[in-house]
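**Q** What follows is a predicted protein model with its sequence.
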Amino acid sequence: MPDIKPDSAETCECLERIRQGDREALERLLERHRPAMHDFVEFHLDPRLRARVDPSDVVQDAQMEVVRRMDDFLANRPMPFHVWLRKKTYERLLNLHRDHLARARRSVSRELAWPDRSSLLLARPLLAGGPSPSQQLEARELAHRLGRAVAGLAEGDREILLLRHAEDLSFPEIACLLDIEPAAARKRFGQALIRLQNVLIEQGLLESRP
């Protein structure tokens with residue numbers, strides 16, 4: 001995996017047209033990246049917010065921020081556009097979590113299972129080497145139990161594991177999103193992976209290895 005994937009030729013062309021004042025190119029660029037932004041929000045949206053927050057609204061708010069900041073981005077190019085776009089979306093999610101959940105008790109967050117898709121993607125690398133889900137228990141039950149196990153992780157652990165496993169981002173790309181050094185991202189990921197492994201073992205979802 002390259003350290004930081006460059007933008008596609010189509011994205012680079014759109015950015016150049018936007019720099020030249022083409023507003024339609026900006027609309028095409030946002031439309032092109034909207035599905036990826038929506039998936040990003042689906043992966044990272046806290047279960048406690050899902051009843052009140054529509055992922056499409058989060059994407060729209062993030063894209064409005066992108067439009068406001070586009071001139072600054074084009075002037076500085078701090079990172080590839082696709083990474084910067086995720087960073088703006090991630091910042092919007094953090095603001096939502098802070099606004100809606102600052103007073104929520106930690107025990108409440110642990111009672112809510114994380115969505116099946118996010119939980120399966122997050123734990124998949126650990127489960128791949130063990131028995132298949134069909135050998136352990138029915139797939140639906142496995143997904144539910146994984147969601148409960150993932151909910152028991154600290155928020156920071158969940159986030160970096162999702163960025164790595166669900167988004168397939170490199171450590172330099174993760175570092176850009178989290179405003180940390182790549183070495184710190186790698187270390188944080190390794191620690192989170194160990195904690196996830198321990199949780200899965202405790203829940204009987206993963207066999208203990210000598």
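**A** Structure received.

**Q** mind listing what Tyr90 touches?
**A** Counting by CB atoms under 8 Å, 6 or more residues apart in numbering, Tyr90 touches Phe40, His44, Leu177. C-beta coordinates here come from the backbone N, C-alpha and C atoms, glycine included.

**Q** Can you tell me the element the first one falls in?
**A** So the one you mean is Phe40. Using DSSP states H and E, Phe40 maps to helix 23-44.

**Q** Now do that helix: everything it contacts.
**A** Residues outside helix 23-44 that contact it (CB under 8 Å, 6+ apart): 10-11, 14-15, 17-18, 55-56, 58-59, 62-63, 66-67, 70, 81-82, 85-86, 89-90, 93, 115, 117-118, 121, 159, 162, 166-167.

**Q** just the buried members of these?
**A** Neighbour-count burial (16 or more other CB atoms under 10 Å) applied to these gives 11, 14-15, 17-18, 55, 58-59, 62-63, 66, 70, 81-82, 85-86, 89-90, 93, 115, 118, 121, 159, 162, 166-167.

**Q** just to revisit the earlier point, so which one of the contacts of Tyr90 is the model least confident about?
**A** Lowest pLDDT of the contacts of Tyr90: His44, 86.

**Q** Count the neighbours of it for me.
**A** His44 has 22 neighbours, counted by other CB atoms under 10 Å.

**Q** Looks like Leu205 contacts Arg148 (just checking).
**A** No: assessed by CB atoms under 8 Å, Leu205 is found out of contact with Arg148, at 9.8 Å.

**Q** Neighbour count for those two, which is higher?
**A** Leu205 (21 against 17).

**Q** that older thread, just how off-centre is the helix holding Phe40 within its chain?
**A** The chain centroid and the centroid of helix 23-44 are separated by 14 Å under CA atoms, centre = their mean, to the nearest Å.

**Q** Sort out which residues of that helix are buried, please.
**A** Neighbour-count burial for helix 23-44 flags 25-26, 28-30, 33-34, 37, 40-44 (criterion: 16+ other CB under 10 Å).

**Q** Can you name every helix or strand that the helix or strand following it contacts?
**A** Sequence-wise, the next helix or strand downstream of helix 23-44 (DSSP H and E) is helix 55-76. Other helices and strands packing on helix 55-76, by 3 or more CB pairs under 8 Å, 6 or more residues apart in numbering; DSSP states H and E, are helix 9-19, helix 23-44, helix 81-101.

**Q** Please consider this matter closed, and thank you.
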